[in-house]
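# Sharing a sequence plus its predicted fold:
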Amino acid sequence: MPANLTPQYKKAEEEYRRATTPEDELRCLEVMLKEIPKHKGTEKLQSDLKSKISKLKKDVEHERKSGGKRAPGFKLTRQGAGTAAIIGGPNAGKSQLVRTLTRATPEVAPYPFTTRVPLPGMMPWHDVFVQLIDTPPITKDYFEPYMQGLIRAADVAILMVDLGCDEGIEQCQELIDRLNQTKTRLGEKSSFDEEDIGLSYTQTLVAPNKMDLPEAAERLALFRELCPLGFPIYPISAADAGTLEELRSAIYRSLDVVRVYTKLPHAKEPDREKPFTVRRGSTILEVAELIHKDLASNFKFARVWGTQVHPATVVKDDYVPADQDVIEVHAV
Ligand SMILES: Nc1nc2c(ncn2[C@@H]2O[C@H](COP(=O)(O)OP(=O)(O)OP(=O)(O)O)[C@@H](O)[C@H]2O)c(=O)[nH]1
Ligand SMILES: [Mg+2]
């Protein structure tokens, strides 16, 4: 990335990642173009942004004129500390995983292409929830167009591999190949390509499934050999909650959020029931924004209790909370 990108640029880039309509994409790209530092090092990026904007403008205009239908999108409201897209080939056990880890009840069946539309569920992790999204399978020939946006917008992708049959490894490879034909790819970390606007990587954890079956261990060894993806691997049996603890924690950790508890100025105890979560490195002002917009705009100071400060330390709006801090925000 070129140096000195402003926080506003990064914010717009993050929103661009989550945009689900061309209008939203256009709005974000326009902010990015406005915010990008204008110097030699960013010339290529600037011209990419401009051509992308002009193409999107044409698309939006064309759609308006033709009154035409766009490809069906899929808008899911983000909830909880973050979102994990559960993806994989047919029959890999995606729906079973969501069934075991959340209270959602997607249909699980011993034949492929059972799931037709994405279905979210909330997975508890200590005192927070993570949104898991069950999705239809991806194969060489079957790829719902909205899956790109869904994977791009997710904080993490859980790639399930069916170790219950010999085709599972090949199906996984086909999925990766299929995504590599698009600008939505799987990566070790979530990031944007520096050279190519719109090309995004979503960090991925691999979950080879059905380890309870007799030949699964052998297939797992084969998978490691044939598919050296470089993503962390968590072998599981999706139907057996006892095998899912490591994956569950890894999903939460991958979000890289901190939990912040709030306390009212005159209350003795904080609200321990429902922490707010923000990406690690966010400021206390961003937490205040989550609590209430007015609280952020009227922010005066805050007191903090936690591991990195003395009790009741007074901080300004640029304080960066640590996990499990208790904060007391004072407004003007
Ligand atoms: N033995 C075993 N079978 C499993 C496990 N997880 C899922 N299955 C079985 O695998 C089959 C497919 O499971 P689903 O959860 O429907 O798979 P899916 O990935 O959602 O499939 P599609 O929706 O068709 O893409 C079902 O018969 C499940 O009972 C597991 O851990 N062990
Ligand atoms: Mg399913």
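Great, that's in hand. Ligands and ions are numbered 1, 2, ... in the order given.

# secondary structure class for the residue in the stretch 201-332 of the chain positioned nearest to ligand 2?
At 10.6 Å from ligand 2, Ala238 is the closest residue in the stretch 201-332 of the chain, using C-beta to the ion. Bear in mind the C-beta positions are built from the backbone N, C-alpha and C, glycine included. Under DSSP: H, G, I helix; E, B strand; the rest coil, Ala238 falls in the coil class.

# What's opposite the nearest residue to Ala154 once chain neighbours are set aside in the beta bridge?
Closest residue to Ala154 apart from its sequence neighbours, by C-beta to C-beta, 6 or more residues apart in numbering: Ala85 at 3.8 Å. Counting by DSSP bridges, Ala85 forms beta bridges with Ile133, Ala157.

# What ranges does the stretch 151-300 of the chain have for its strands?
156-162, 184-187, 191-192, 200-209, 257-262, 276-279, 299-306 (DSSP state E, counting those that start in this stretch).

# of all these, which lies closest to Glu13?
Judged by C-beta to C-beta, the one of the strands of the stretch 151-300 of the chain that comes nearest to Glu13 is strand 191-192, at 6.5 Å.

# Residues in contact with the closest one: which ones?
Met1, Glu13, Arg17, Leu199, Ser200, Tyr201 (C-beta atoms under 8 Å, 6 or more residues apart in numbering).

# Buried ones only from those, please, as a PyMOL command.
Applying 16 or more other C-beta atoms under 10 Å to those, the buried members can be selected in PyMOL as follows:
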select buried, resi 13+17+200+201
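
# want to try a markdown table for the contacts of strand 191-192, with pLDDT as columns?
Shown next, in a markdown table, are the contacts of strand 191-192 (pLDDT from 0 to 100):
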| residue | pLDDT |
| --- | --- |
| Met1 | 50 |
| Glu13 | 87 |
| Arg17 | 83 |
| Leu199 | 90 |
| Ser200 | 92 |
| Tyr201 | 95 |
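
# Can you pick out the most distant pair from the contacts of strand 191-192?
The largest distance within those, taken as C-beta to C-beta, falls between Met1 and Arg17 and amounts to 14.2 Å.

# still on that earlier bit, could you give the number of residues near the residue nearest to Ala154?
26 (other C-beta atoms under 10 Å).

# list the contacts for it?
Ala85 neighbours (C-beta under 8 Å, 6+ apart): Ile133, Thr135, Leu150, Ile151, Ala154, Val156, Ala157, Ile158, Thr202.

# Adding distance to Gly187 as columns, could you present the contacts of strand 191-192 in TSV?
Below are the contacts of strand 191-192 laid out as TSV (distance: C-beta to C-beta, whole Å):
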residue	distance to Gly187
Met1	15
Glu13	16
Arg17	13
Leu199	10
Ser200	8
Tyr201	3
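
# which stretches of the stretch 1-150 of the chain have low pLDDT?
Applying pLDDT under 70 to the stretch 1-150 of the chain flags residues 1-3, 67-74.

# got the residues of it near ligand 1?
In this structure, the stretch 1-150 of the chain approaches ligand 1 at residues 88, 90-96, 108-110, 112-115, 137, judged by C-beta under 6 Å from any ligand atom.

# who wins for neighbours among those residues?
Lys94 (32 neighbours).

# can you count the residues close to Glu61?
With other C-beta under 10 Å as criterion, Glu61 counts 10.

# His39 now?
His39: 11 neighbours (other C-beta under 10 Å).

# again with Cys28
19.

# so it sits right up against Glu15, yeah?
Yes. Judged on C-beta atoms under 8 Å, Cys28 makes contact with Glu15 at a distance of 4.8 Å.

# shared neighbours, the two?
By C-beta under 8 Å, 6+ apart, Cys28 and Glu15 have no common neighbours.

# if we can go back for a sec, let me have the strands of the stretch 151-300 of the chain in CSV, extended by distance to ligand 1.
Written out in CSV, the entries for these read as follows (distance: least, C-beta to the nearest ligand atom, whole Å):
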stretch, distance to ligand 1
strand 156-162, 6
strand 184-187, 17
strand 191-192, 27
strand 200-209, 5
strand 257-262, 27
strand 276-279, 28
strand 299-306, 40
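
# Now do the helices in the chain.
7-18, 22-35, 43-66, 94-101, 146-153, 168-180, 216-226, 245-255, 284-291, 293-297 (DSSP state H).

# Can you pull out the residues in contact with the longest one?
Looking back up the chat, that one is helix 43-66. For helix 43-66, the surrounding residues in contact (C-beta under 8 Å, 6+ apart) are 2, 22-23, 25-26, 29-30, 32-33, 36, 38, 68, 70, 195-198.

# Tell me the residues of this structure that contact ligand 2?
Residues of the chain found near ligand 2 (C-beta under 5 Å from the ion) are Lys94, Ser95, Thr114, Thr115.

# make it 6 Å
Lys94, Ser95, Pro106, Thr114, Thr115, Asp134 (C-beta under 6 Å from the ion).

# Apart from its chain neighbours, what residue comes closest to the second one?
By the measure of C-beta to C-beta, 6+ apart, the closest residue to Ser95 outside its immediate chain neighbours is Pro106, 4.0 Å from it.

# give the contact list for that neighbour.
So Pro106 contacts Ser95, Val98, Arg99, Thr115, Leu119, Gly121, Asp134 (C-beta under 8 Å, 6+ apart).
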